[in-house]
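1. Take this sequence and fold it.
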Amino acid sequence: MRPSKRAPDAMRKVTLERAVARYAEGSCLVTFGETKVLCTASLEERGPPWLRGSGKGWVTAEYSMLPRATHERTRREVNSGKPSGRTQEIQRLIGRSLRAVTNLPAIGEKQISIDCDVLQADGGTRTAAITGAWVALHDCFSWMRQRSIISVDPLRDHVAAVSCGIYKGAPVLDLEYVEDSAADTDANFVMTGKGGIVEVQGTAEAEPFSEEQFLELLKLARGGIAELIELQKQTIA
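-> Okay, the predicted model is just below:
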C-alpha cells in the first residue's frame, strides 16, 4: 500500500491555474498534490548572441526553490554565487523539453525566458515545472499573436512530464517525497502529446532494475502523461 493509499497507476490531484502573475506574458501555478510550482514566461526582445542573424528564436528556463519550500529552510543559491548542479540540470531539462515542441524560427530573433519557482516541494518538482511551463509558454505565444508580434503559433505539440519509480518492489506512478526518498528506482519521463519521448532519466538507488521493470515504468508514465496532456487541453480551451 502506498502512503497516500493511491493505486500504483494513480496520479496525485493535479491542477493548472493560468494567469496568476500580473506582469508576465504567460503564467501558470501548477500543483501535483502538495508540490506547488509557479511558472512564468517572459518575452525578451533579443535572443542569445549566438543566434543573431539566424532568424531563429530561443526558449530557455531557470528553476529555483524558495528557502522554505522544504521541511527545513535551505539557503538561497544566489548567496552561494552560482546555482547548484541539481538546479542547472533541472533548468536545462525544462528548456530542452519546451524547445522540443517549439518551432523556433516562428518566434523570430526573440527569446522566451521561463522561470519555474518551487513554492512547496513534495516530490516531482521538475515534472510539475515542465507540465506547468508548457501552459505558461502557450499563453505567452497567445499574447504575442494578439499583438501581431508573431503570425503563427510556434507550438507544435504539448509536452508534459511525470515521475515513476519502484517503491517496495512495485512500480508506481507520480512519487511523492516519502516514496521518492525510499524508492529502489527513480525515473522521470518527458513526452509529447503525440507520444514521442523527449527525455528519460532513470536511476537505480539500490538493486539495478530490469528491462521488464523499465517497460512497466514506461507504461505507467504514458498513462500519467496522457492525463496531464488532457488537463493541459482543458486548461487552455
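2. And the pLDDT for E77?
-> At E77, the model reports a pLDDT of 86.
3. Name all residues that make contact with it.
-> Residues in contact with E77 (C-beta atoms under 8 Å, 6 or more residues apart in numbering) are 64, 83-84, 87. C-beta here means a position set from N, CA and C on the backbone, and glycine is covered the same way.
4. So the residue in the chain sticking out farthest from the centre versus E109, what's the distance?
-> Centroid-distance maximum for the chain: G53 at 30.1 Å, with C-alpha atoms, centre = their mean. Distance, G53 to E109, by C-beta to C-beta, to the nearest Å: 8 Å.
5. Now do the top helix by length along the chain, average pLDDT.
-> Criterion DSSP state H: the longest helix present in the chain is helix 211-236. Mean per-residue pLDDT for helix 211-236: 98.
6. Can you point out the buried residues in it?
-> Applying a neighbour-count criterion of 16 or more other C-beta atoms under 10 Å, one finds 213-214, 216-218, 220-221, 224-225, 227-229, 231-232, 235 buried in helix 211-236.
7. likewise stretch 55-73?
-> Going by neighbour count (16+ other C-beta under 10 Å), the buried part of stretch 55-73 is 56-66, 69.
8. what does stretch 174-183 give?
-> For stretch 174-183, by 16+ other C-beta under 10 Å, it's 174-177, 179-180, 183.
9. do the same with stretch 147-158
-> For stretch 147-158, by 16+ other C-beta under 10 Å, it's 150, 154-155, 157-158.
10. from those, which is closest to N103?
-> N103 lies nearest to P154 out of the buried residues of stretch 147-158, by C-beta to C-beta, at 4.6 Å.
11. Go ahead and confirm the closest one touches R99.
-> No: in this structure P154 lies outside contact range of R99 using C-beta atoms under 8 Å: 10.3 Å.
12. That'll do, ta.
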